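1. Dropping a prediction and its sequence here:
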Amino acid sequence: AEMEFTEAESNMNDLVSEYQQYQDATADEEGEYEEEEEEEVEYQD
């Protein structure tokens, strides 16, 4: 079970990294962007 959790955590970290990269890529287009607020909403899911 511990191994499965570690793998899931790793997958989550990859997702977060991809999401943050996407945010960085789109931030310039968005102009002023509430980055922290968006992240809070994302993690509530």
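-> Right, received. Where do you want to start?
2. Tell me how many other residues crowd Tyr19.
-> Look at Tyr19: counted by other C-beta atoms under 10 Å, it has 13 neighbours. Yep, even glycine has a C-beta here, placed from its N, CA and C like the rest.
3. So for stretch 26-35, mean pLDDT?
-> For stretch 26-35, mean pLDDT rounds to 64.
4. what's the burial count for Gln23?
-> A count of neighbours around Gln23, defined by other C-beta under 10 Å, yields 15.
5. which SS class is it?
-> helix (DSSP: H, G, I helix; E, B strand; the rest coil).
6. Could you tell me the model confidence score at it?
-> 89.
7. Please, where are all the helices along this protein?
-> Assigned by DSSP state H, the helices in the chain fall at 2-30, 35-43.
8. And Gln21, how far from Ala8?
-> 20 Å (C-beta to C-beta, to the nearest Å).
9. How about Gln23?
-> Going from Gln23 to Ala8 by C-beta to C-beta gives 22 Å.
10. now Tyr22
-> Taking C-beta to C-beta, one finds Tyr22 at 21 Å from Ala8.
11. do the same with Leu15
-> 10 Å.
12. Over to Gln20?
-> 19 Å.
13. now do Asp14
-> Plainly put, Asp14 is 11 Å away from Ala8 if you go by C-beta to C-beta.
14. And for Tyr19?
-> 16 Å.
15. And for Ala27?
-> 28 Å.
16. just Glu2 next, same as before
-> On the measure of C-beta to C-beta, Glu2 and Ala8 end up 11 Å apart.
17. Show me which of the two is the more surrounded one.
-> Using other C-beta under 10 Å as the criterion, Glu2 and Ala8 rank with Ala8 on top: 10 against 6.
18. Quick check, pLDDT for that one.
-> 91.
19. contacting residues around it?
-> The contact partners of Ala8, by C-beta atoms under 8 Å, 6 or more residues apart in numbering, come to none.
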